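Chemist: one predicted model, sequence on top.
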Amino acid sequence: MDNQIIVQIHNLEKRYGKKKVLHGINLEIASGQIIGYIGPNGAGKSTTVKILCGLINDFEGDINIFGKDLRTHELEIKQQVGYIPENAVLYESLTPMEFMEFIGEMRGLENEVCRSKAEALMNIFEMKSNLNQRIATFSKGMRQKVMICSALLHNPDLIFMDEPLSGLDANSVIMVKEMLTHLAREGKTVFYSSHLMDVVEKISDRIVLIDQGKVIADGSFEELNKLSNDENLEKMFTRLTGNTNHGEKAEAFINAFEK
Amino acid sequence: MIKFLLSLFKPFRWFIEKMDADYDQFIRILQLKLTLDNRQMKGLGNHSKNETENAMTKQSFAQIMFGIFFAMFLLMIKSPFTYYYFAHSFLMVMMAMMIISEFTTILFDTSENVIIQPLPIKGNTISLARNAHVLLYLSMMAFNFSVVSIIVAITKFGIVSALVFLFSIGLNVLFTLFLANMLYLVIMRFASGEKLKNLLMYFQIVIAVLFMSFYQFGLNLVDKTQIQNMVLSVNWYTYLIPPAFFSGLVDAFTSFVFDTRHFIFIVEALIVPVAGIYLTGKYLTPVFNRKLMDLEQGDRVSKVKTEKTHQSLWYRMMLAAFVHRQEEKASFKLVWTMSGRERLFMQTFLPSLGFIVIMIAVQFFRKSSFNVDKLVQTPMYLFILYALMLVTASLPTALLLGNNRHASWLFKTMPLSSPAHYFKGFIKAAFARFFMPFYLLVSVGICVLWGYKAIPDVVIALLSIYLITLLFYYIQQLAFPFTNEKRASEGGANFIKVMGLIIITVMLGFIHFFLLRWFNYANLFLIPFYLGLIYYVNRVFVYKKINWEEVDEANAYS
């Protein structure tokens, strides 16, 4: 496995009006890694992912993906990138097959290839029988599965995931986790943004923790743990993001009802 | 059908590619949008296929009817240039209205960004497809509006002229779309995020009111003999008025005169829309897109307004006056707070309020012998008061509109004995917040002009309006407030409702009027009568009518 650098983020800043949400993020990501991207609510996780996927074009700093500048080579980069958004927004009145055909055609896939891929992927999630039903009738987990399948349709080299496991049942969660490891072994890179600490701890080769728009910890769990000796990622997370008095808060919560 | 529509774009492939877009992707996105529309029409939800298809036909029918009214006015005009000038102006105004009221949501739709943006789609393809989507609907509408004028044109000026007219309508559609794009960009320069949406809303309201007043005053005040021989003279500035371009073009092919004057018009008619569309595609849409991307993102972070929690004296007064049950309080407060912030509600309700004011004003000024001293002798104020009842046509319907479909589960989970409590609170709040201040203002004006003896009449009219509003609200679809998306096709059904309402209004107004004529203070009989009815409706009728089964039918809790 050659560890080529495929994502380079240099001094990434983003502001909405006057408010700055990213204060200079610097990251280098090698291929074949699973990056766990964590941080408290509102830290700028989703914003980073959205910028990397081309959902937000207006940012400061430099981003190079596959050695190409995101600003000037957006289309070529998008061709090799898959994105699984946080909330599965889909065209409700389409069927998964139609939806994936649309996605595939936009990416320039042959219709036949696209159909067989879609079938194969949906089959893995045991949703083959749902291929021609309207998405409007699907549950949250089923939608998420459609989302995952359509993001992997074109066999991307770099996959961005924003809380991809939300709504999935236990079997599917295990399956997706397995799938991620396989993908990484094949040399694909997964950028995994999540709140589920135990999942991140288990699957990530490297953990990047951001808070208030800055990277505050970066390394594998073992490396990070050497520095501090937290028993798990959750403990480390709360220590680094400065929320340690959970016990008191919970008590205050109970007290609020007793008045 | 979709295939046919898509094939219409084939000859323009070069143009689309010149606009920095990928033709195949463009067609695919357009196909997707049309498929979605088609499916939505057929409906998965609670609306059956027949109903919605009917609505579409109804809308087309309403547009054609509108076209007939206008063609009747055009029929009188002898000069072809003037004829086409008015036809094109009418069309432009109607399309502008339509873009503002119906298509803004399509142009500003950011919900699909998450799906579409990460795909490798070339440059302007998305926004071009979006514009093409609107263009298709706009063309259909333009055709509906002018089909009768085209027929009239055939009989008046011959088939060639009518064909050129049809062609010029296409150009007009392109031009109007370009204008709308320009307009939105200008507005976006000055505002962003939530502020932009609010600005657009007020803009829509003002345009709607202006248009209606123009229409009312215009048709009522113009002397019909003048129209017949009206010939527009061409001045230097005529060359700058867009409808003149198109009418000049058609005129040239009607009278087969190709002098300098017509030549300028022809060149303008051909160049301006094409250049406009070129400009839109090449320069405006990229800016538009960038702004659009920030629209959704920036909202959350940049401008966070802290809402006041304090309750005004007016609120407390109205609460005390209207709500006597604990169960209604929460829903009263909910609608009171939300109605001021829900754009769809304001967009629908405020123009209708403006419309009523204009209608009353027109009735007053139409009479050439307008004289306040004489007026005060007549019970004309009754007309004003009862005209306000027309507000009922829009208040209950407007209350349904909004994007909070996913919040209706909340009501179902609350431990409340009857859903009627909710609905009572809702309508009372909307009535108290939006109608009462307006009514009080009008009443004060009336009491100043007609004296204190008008006070009982003001009270009676208010009671009757309140009663009718309650009834209309309770018998309409029992969806929770602000949960229905606006449908492009409600024109037809509303018409019937308004007709019914006008009949009721006239009836109640005349009862009141005759009681006044009968003997002094006979009108006072009406007060206990209405109070009794309101009591009955609010205490008995509403609980019989509104139960969970009916409410469940009208709402989806998801």
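Modeler: Alright, I've got the coordinates.

Chemist: please count neighbours and contacts with C-alpha atoms only from this point.
Modeler: OK.

Chemist: ok, residue B:111 - contacts?
Modeler: residue A:89 (CA atoms under 8 Å, 6 or more residues apart in numbering or on different chains).

Chemist: quick one: strands adjacent to the helix or strand in which residue A:21 is found?
Modeler: Assigned by DSSP states H and E, residue A:21 falls within strand A:19-30. In the sheet, strand A:19-30 lines up against strand A:5-16 (antiparallel) (DSSP bridges).

Chemist: any buried residues in the partner strand, and which?
Modeler: A:6-16 (16 or more other CA atoms under 10 Å in any protein chain shown).

Chemist: picking up where we left off before, buried ones in the strand holding residue A:21?
Modeler: Using 16+ other CA under 10 Å as the test for burial, strand A:19-30 gives A:21-26, A:29-30.

Chemist: any chance of those residues in CSV, plus pLDDT and distance to residue A:149?
Modeler: Shown next, in CSV, are the buried residues of strand A:19-30 (pLDDT from 0 to 100; distance: CA to CA, whole Å):
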residue, pLDDT, distance to residue A:149
A:21, 87, 31
A:22, 90, 30
A:23, 90, 34
A:24, 89, 33
A:25, 91, 30
A:26, 91, 30
A:29, 91, 24
A:30, 89, 24
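
Chemist: nearest to chain B, out of those residues: which one, please.
Modeler: residue A:21 (8.5 Å; CA to the nearest CA).

Chemist: which residues touch the closest one?
Modeler: With CA under 8 Å, 6+ apart, residue A:21 has these contacts: A:13-15, A:43-44, A:212-213.

Chemist: from residue A:70, how far out is residue A:6?
Modeler: Residue A:6 sits 12 Å away from residue A:70, going by CA to CA, to the nearest Å.

Chemist: what sits in contact with each of those two?
Modeler: Shared contacts of residue A:6 and residue A:70, counting by CA under 8 Å, 6+ apart, come down to residue A:64.

Chemist: measure the closest residue to chain B within the stretch 151-259 of chain A to residue A:54 for me?
Modeler: Relative to chain B, the nearest point of the stretch 151-259 of chain A is residue A:151 (9.7 Å; CA to the nearest CA). Distance, residue A:151 to residue A:54, using CA to CA: 14 Å.

Chemist: the two - which one has more neighbours?
Modeler: Legend: neighbour count by other CA atoms under 10 Å in any protein chain shown for residue A:151 and residue A:54, higher for residue A:151 (25 against 20).

Chemist: next helix or strand past the helix or strand hosting residue B:315?
Modeler: Using DSSP H and E, the element containing residue B:315 is helix B:313-322. Proceeding N to C from helix B:313-322, the next assigned helix or strand is helix B:326-339, under DSSP H and E.

Chemist: and that following helix, average pLDDT?
Modeler: Throughout helix B:326-339, pLDDT has a mean value of 87.

Chemist: please apply the same query to stretch B:262-282.
Modeler: The pLDDT scores in stretch B:262-282 average 86.

Chemist: from the stretch 51-200 of chain B, which residue is nearest to chain A?
Modeler: residue B:120 (4.8 Å).

Chemist: if I read this right, that residue contacts residue A:75, doesn't it?
Modeler: Yes - proximity of residue B:120 to residue A:75 meets the contact threshold set by CA atoms under 8 Å, at 4.8 Å.

Chemist: low-confidence regions, chain B specifically.
Modeler: B:40-56, B:100-102, B:104-110, B:190-197, B:208, B:211-232, B:292-310, B:365-377, B:486-495, B:558 (pLDDT under 70).

Chemist: break it into its domains for me.
Modeler: The record's domain parsing of chain B by automatic domain parsing lists B:13-300, B:313-554.

Chemist: looks to me like residue B:415 is in a strand.
Modeler: No - counting by DSSP: H, G, I helix; E, B strand; the rest coil, residue B:415 is not part of a strand but coil.

Chemist: fine by me, we can end here.
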